[in-house]
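Asks: Sharing a model that was predicted from the sequence below.
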Amino acid sequence: MPLDKAYAKIPGTTIFDVDMARRGYHLNQFCVSLMKEQDRQRFQSDQRAYLDEWRMTEQQKQAVLDRDYNQMLALGGNIYFLAKIFSSDGQSFEQAAASMTGMSREEYRSMMLSGGRSPHVDDQDVD
Amino acid sequence: MARITSGVAMSHTPAIGAAIDLGKTQEEYWDPVFKGFEFSKAWIATEKPDVIFLVYNDHASAFSLSMIPTFAIGCSDSFEPADEGWGARPVPIVKGHSEFAWHIAQSVIQDDFDLTLINEMTVDHGLTVPLSLMFGTPKEWPCRVIPFAVNVVVYPPPSGQRCFRLGKAIRRAVEAFDEDLNVQIWGTGGMSHQLQGQRAGLINQKFDADFLARLQSDPKGLAKMPHLDYLQNAGSEGIELVMWLVMRGALDRDVETLHSFYHVPASNTALGHIILKNRAKRA
């Protein structure tokens, strides 16, 4: 009997469960490598070559090069691992989160300052 | 004997650490956040805990996907701040309490909670931001800290119920330690927030207010909340709140709320903070 995944129906949300962890293993371990200054520098100086050292799928590599965080999440990336990428780019969680919602940083910040996104699905247009 | 006198809970948003480290605490955006901790700083300066049992989660810093312990206790005497991708925070080394941590590990494992014992690990913002919020920027942290990491990164985290019961086991372990120590237990993370996907930025003030109220008055009922309720109502990262239940489980049934604070936003997060004190002084 398959596991019950009621959380899969939450809109605009990818829960990093065991299947995603398996799928994203190499993508996430690549992210971990960016916790070392010398590897951050190697990555930033030739991103493609650095990514080719990892057993990631071409899709995962392309998503990293594009900094397409929603795509990375869909391919098994976990936000706390992906944080190593945007941190090494000098971006904050706020900037990265804004990019995932399709809002500008200013729009996102202003939404947060006025109390954040409403938890009620009917009030939002995420899919 | 050692005794747990109070429990403290708070969010551990990394941007708070950055605001402190970059000297931005007086800025309009951050000022209200730090005002909410003025009481707490004065309070803890008079409480002078000897040891803080600090429940937090690692954010892919000490633990990658190579190892994912559900519950891990830091047993060594010192823990270096982690480089999380932007260089390590300029905060003091965290001093542990090795003998006490090993003691707690043995007691809690014999009480049916299978802990992972860690002797070498770095500690990330999940642990150091709460210390900064409560102690400011001292040269040395004023007390020992036992880091206790809970997996809330890979789903599923432990249930609220299990976290609550674990708190009770930790309390029994603490009270079986001979040294006369004033121990606080902290639960960190939360409150409602979602850092990922199109629903990022979710905040649920009603959920958070209810959680804060029930944490004091109905922790046993609160502990039964299923994971799905957290994910749906408090955002995918709001599930961190199960760690507050470890703290609550280690306190008396009857506690007094000394201080409570709530502010939106701290970066992407609803910042919550509460100080609970055991009412009765037991012999």
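Replies: Perfect, I can see it now.

Asks: Ends of stretch B:241-255, what's the gap?
Replies: 19 Å (C-alpha to C-alpha, to the nearest Å).

Asks: again, but for stretch A:49-69
Replies: 20 Å.

Asks: buried sites along it?
Replies: A:Y50, A:L51, A:M56, A:Q60, A:K61, A:Q62, A:A63, A:V64, A:Y69 (16 or more other C-beta atoms under 10 Å in any protein chain shown). Yep, even glycine has a C-beta here, placed from its N, CA and C like the rest.

Asks: for stretch B:146-166, same thing?
Replies: B:146-155, B:157-166.

Asks: check these against chain A, which are close?
Replies: B:V153, B:V154, B:Y155 (C-beta under 8 Å from any C-beta of the partner chain).

Asks: For chain B, tell me which of the buried residues of stretch A:49-69 show up nearby.
Replies: Checking the buried residues of stretch A:49-69 against chain B (C-beta under 8 Å from any C-beta), the matches are A:Y69.

Asks: any low-confidence regions in chain B?
Replies: B:280-283 (pLDDT under 70).

Asks: who touches the most centrally placed residue in chain A in this structure?
Replies: By C-alpha atoms, centre = their mean, chain A has its centre lying nearest to A:Y69, at 3.9 Å. Counting by C-beta atoms under 8 Å, 6 or more residues apart in numbering or on different chains, A:Y69 makes contact with A:G77, A:L82, A:F86, A:A96, A:S99, A:M100, B:Q196.

Asks: residue ranges with poor pLDDT in chain A?
Replies: A:121-127.

Asks: Recalculate using a threshold of 90.
Replies: A:1-4, A:93, A:119-127 (pLDDT under 90).

Asks: which residue ranges form the helices in it?
Replies: Remark: helices assigned in chain A by DSSP state H are A:18-23, A:25-33, A:37-45, A:47-51, A:58-66, A:69-74, A:79-88, A:93-101, A:105-113.

Asks: do the same with the stretch 101-250 of chain B
Replies: Here the stretch 101-250 of chain B has its helices, by DSSP state H, counting those that start in this stretch, at B:125-135, B:160-175, B:205-217, B:219-222, B:227-234, B:242-249.

Asks: Residue of the stretch 151-283 of chain B nearest chain A, please.
Replies: In the stretch 151-283 of chain B, the residue found nearest to chain A is B:I203; the distance is 2.7 Å by C-beta to the nearest C-beta.

Asks: Excluding chain neighbours, give the residue nearest to that residue in space.
Replies: A:G116 (2.7 Å; C-beta to C-beta, 6 or more residues apart in numbering or on different chains).

Asks: Surely that neighbour and B:F207 touch.
Replies: No: counting by C-beta atoms under 8 Å, A:G116 stays clear of B:F207, with 11.6 Å between them.

Asks: near chain A, which residues of the stretch 51-200 of chain B?
Replies: Contact residues, the stretch 51-200 of chain B versus chain A (C-beta under 8 Å from any C-beta): B:59-61, B:64-66, B:68, B:82-87, B:153-156, B:192, B:194-200.

Asks: Can you turn the buried part of these into a ChimeraX selection?
Replies: Buried members of those, defined by 16+ other C-beta under 10 Å, are picked up in ChimeraX with:
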select /B:59,60,61,64,65,68,82,83,84,85,86,153,154,155,192,194,195,196,197,198,199,200
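
Asks: on that earlier part again, touching both of A:G116 and B:F207, which residues are there?
Replies: Joint contacts of A:G116 and B:F207 (C-beta under 8 Å, 6+ apart) are B:S192.

Asks: Neighbours of B:N233, how many?
Replies: A count of neighbours around B:N233, defined by other C-beta atoms under 10 Å in any protein chain shown, yields 19.
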